Every structure is written in C-alpha cells, then in structure tokens.
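>>> Sequence and predicted structure are below.
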Amino acid sequence: MVDLSVTLGRLKLKNPILVASGTFGYAKEMAGLVDFSSLGGIIPKTVTQSARAGNTPPRTIETASGMLNAIGLDNDGLEYFLANHLPYLRGLPTQIIGNIAGKTEREFIEMAARVEKEQGLAGLELNLSCPNVSGGVDFGIDPEKTARVVRGVREVCSLPLIAKLTPNVTDVTAVAQAAAEGGADAVSLVNTFLGTAIDWKKQKFILGNRTGGLSGPAIKPLALRMVWQVACKVKAPIIGIGGIATVDDVMEFLLAGASAVQMGTVNFYDPTAAPRVAGELPAALQLLGAKSVQEVIGRLAS
C-alpha cells in the first residue's frame, strides 16, 4: 500500500490532487462526471463580498498550449455562496477549501470572519493574485501587503489558510515568505500569467478586457521553476499550479517541492483527468521506490 496522504500545515488531505478554483464550478456541475471521493479536495470558484458581473465579453480564448481568460471573478457574492452552494459542498466526500477575494484588506478580513461562522470548509484560500480585476494583484505583488492581509485574516479565522500568489512579480520567494510569516498554512503557486491576444486583421484586442490570465501547459515550466525556487528558500508547504494534466506533471511538481497540486485548465477539456491521475499516483510513486507521497516531496529542492 502507498500512503497518498499529505499535510499542508494544519490542513490534511487524503491525497495531493486538488481541483483549482474557477475551473470546477461549484462541483455540482461535475457530479455526473467525477467521483468526488477520489480527490484530495475541491476548491470552488472564487467569491467576493458582493456580487460581480465580471468583465466584458469575449472572456476566453484558446492559445498555443493554453488558454487566456478574463472572467473577472463573475459570481453572486459571499452570502449567496454560503446559502446556496456551501450546503451541497459540505456534503461531498472530500475536503472543501473555500476561495475568497477582496478589493481591500478590510474586505478580506470581513469575508473571512463571516466564513468563520459557517461549517463545512476544511480551509480557506485567499485569492491575492487575480490579474483580471482592478486591484486584483495589488496584494500579491507587495510582500508587506501580502503579510498584512494574511495576518488580518488569521486573527479572525481559525481555518487553515492558503495564500494564492501571482507569478507576475520579480521575486515570488519574497512574497511567499511574507505570506508564511503572516500566518499562511501554505502557499499556492502560481496563478495565471498576464497576457493578451490580438486579431490583426480586425486591428483589435480579442478579449473584452484586453488582457487576461494565461494558463495551461504553456505555463508549466515557469510554474515548476517558481515552485522549486520557493521550496528552496521558504519553509511553508506549497501547492503547485500550472499546466498540470498528467501523473507525470504531478510527480515533477512533487519533486520540485510541492506538497500538493491543483489541476485547473485540464478540467475544461477533460473533467475526468483529476480522478484518473489520483488513481495513477501509487504506481508512479512505486517506480521511485517510495511508499508515500511524503517521501518524494522536495527531493530536488536544494
């Protein structure tokens, strides 16, 4: 038997395979396709304090080996999520990690305090890094602001906290260190890379927002490098994100220093990928002579 369980600070998962926020809806949409019990956890779509309409369409476009999206955190707001989505999510046979975004530090803290009053969440991911909204990456590009938000949330919320960080910085290790010092149980690396797309024949930008976040296989080598860099310098569990679609991808991120991974863009074209990869993980670990996930985490992080 291979032990697939992992620990991210105070957050315990039965296996390291998570599905990323914004790519799995609120889980109910995937009920006919995915065995939720096979997943380490589900991170539903980001919610904000008040409802958001999102950005002007078009909002997505395929790119070479990836996707640009500029959804803009379209959602019905925190109270709607708690009343209409959380009751379903809390009944699923896996860990549910909420995901929130605020326009200000105060909003993050107020939302976390509200979430604290509810049951059913195993942890809370702080989206400090959305590139598609005004002010969305402000918190994640400034180490001091990152630490302040995490610390403020930590004071009002007892849930394990995950800081989701942007790659659109000069030194992601400094921001990750700040998140850890602020009280984050783990950091998620990375959110999308800022990009754009142009229709040269029409002489116009394709996305309504002009810019969007690039995800998918195209960003994997960049995300893998950032996970490795942070693992070498920061003593905090890492959740790797970026172009992860196969068990090979997962193993690479584990060796680089990630304790868990989030599968994202792949869910759009193959919703069965995450449970399949979870099932393939024991055999991959055995090829390295490992009897647990823990044995391979960070083998190359030096």
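Sure, I can see it.
>>> what about the residue lying farthest from the centre of the chain, is that helix, strand or coil?
Most distant from the centre of the chain: residue 201, at 35.7 Å, with distances by CA atoms, centre = their mean. The three-state label given to residue 201 by DSSP: H, G, I helix; E, B strand; the rest coil is coil.
>>> Going forward, the N-terminal residue is numbered 232.
Yes, from this point I'll number from 232; that puts the last item at residue 432.
>>> what's the weakest-modelled helix or strand in this structure?
helix 369-372 (a mean of 83; mean pLDDT, DSSP states H and E).
>>> Can you name every helix or strand that it contacts?
helix 374-387 (3 or more CB pairs under 8 Å, 6 or more residues apart in numbering; DSSP states H and E). No exception for glycine: its C-beta is placed from N, CA and C like everyone else's.
>>> The closest residue to residue 321 other than its chain neighbours and residue 437, how far apart?
Nearest residue to residue 321, sequence neighbours excluded (CB to CB, 6 or more residues apart in numbering): residue 351, at 2.8 Å. Computed with CB to CB, to the nearest Å, the distance linking residue 351 and residue 437 is 39 Å.
>>> Residue 486 too?
37 Å.
>>> And for the closest residue to residue 435 other than its chain neighbours, the neighbour number?
Take residue 435 and drop its neighbours on the chain: the residue closest to it by CB to CB, 6+ apart is residue 429, 7.3 Å away. Neighbouring residues of residue 429 were enumerated by other CB atoms under 10 Å; the total is 12.
>>> next one: residue 511
15.
>>> That one: what's it in contact with?
Contact analysis of residue 511 by CB atoms under 8 Å, 6 or more residues apart in numbering lists residue 478.
>>> that older thread, was I right about the residue nearest to residue 321 contacting residue 320?
Yes: if you go by CB atoms under 8 Å, residue 351 and residue 320 touch, sitting 6.4 Å apart.
>>> Residues touching stretch 431-441, excluding its own?
So stretch 431-441 is contacted by 286-292, 299, 301, 303, 363, 427-430 (CB under 8 Å, 6+ apart).
>>> Tell me the one among these nearest to residue 519.
residue 299 (35.4 Å; CB to CB).
>>> Looks like the closest one contacts residue 445 (just checking).
Yes: Residue 299 is within contact range of residue 445, at 5.5 Å (criterion: CB under 8 Å).
>>> Please enumerate the helices of the protein.
Along the chain, the segments classed as helices by DSSP state H run 309-311, 317-320, 336-347, 369-372, 374-387, 403-413, 451-464, 478-487, 497-500, 504-518.
>>> can you give me the angle the fifth one makes with helix 336-347?
Here helix 374-387 runs at an angle of 30 degrees relative to helix 336-347 (axes from the mean of the first three to the mean of the last three CA atoms, to 10 degrees).
>>> Can you mark which positions in helix 374-387 are buried?
374, 376, 377, 378, 379, 380, 381, 382, 383, 384, 385 (16 or more other CB atoms under 10 Å).
>>> do the same with stretch 261-277
261, 265, 267, 269, 270, 271, 272, 273, 274, 275, 276, 277.
>>> Span of it from start to end?
17 Å (CA to CA, to the nearest Å).
>>> and residue 282, how many neighbours?
Quick note: residue 282 (other CB under 10 Å) scores 13 neighbours.
>>> check contacts around it.
Taking CB under 8 Å, 6+ apart, one finds 306, 307, 308, 311 in contact with residue 282.
>>> In terms of pLDDT, where does residue 292 sit?
We have a pLDDT of 97 for residue 292.
>>> so it bridges to which residues?
According to DSSP bridges, the partner residues bridging residue 292 are residue 299.
>>> Give me the more crowded residue out of residue 486 and residue 437.
The neighbour comparison of residue 486 against residue 437 (other CB under 10 Å) goes to residue 486, with 19 against 16.
>>> Would you mind measuring from the more buried one to residue 419?
For residue 486 relative to residue 419 (CB to CB), the value is 18 Å.
>>> for residue 358, same thing?
9 Å.
>>> who touches both of the two?
With CB under 8 Å, 6+ apart, residue 358 and residue 419 have common neighbours residue 395.
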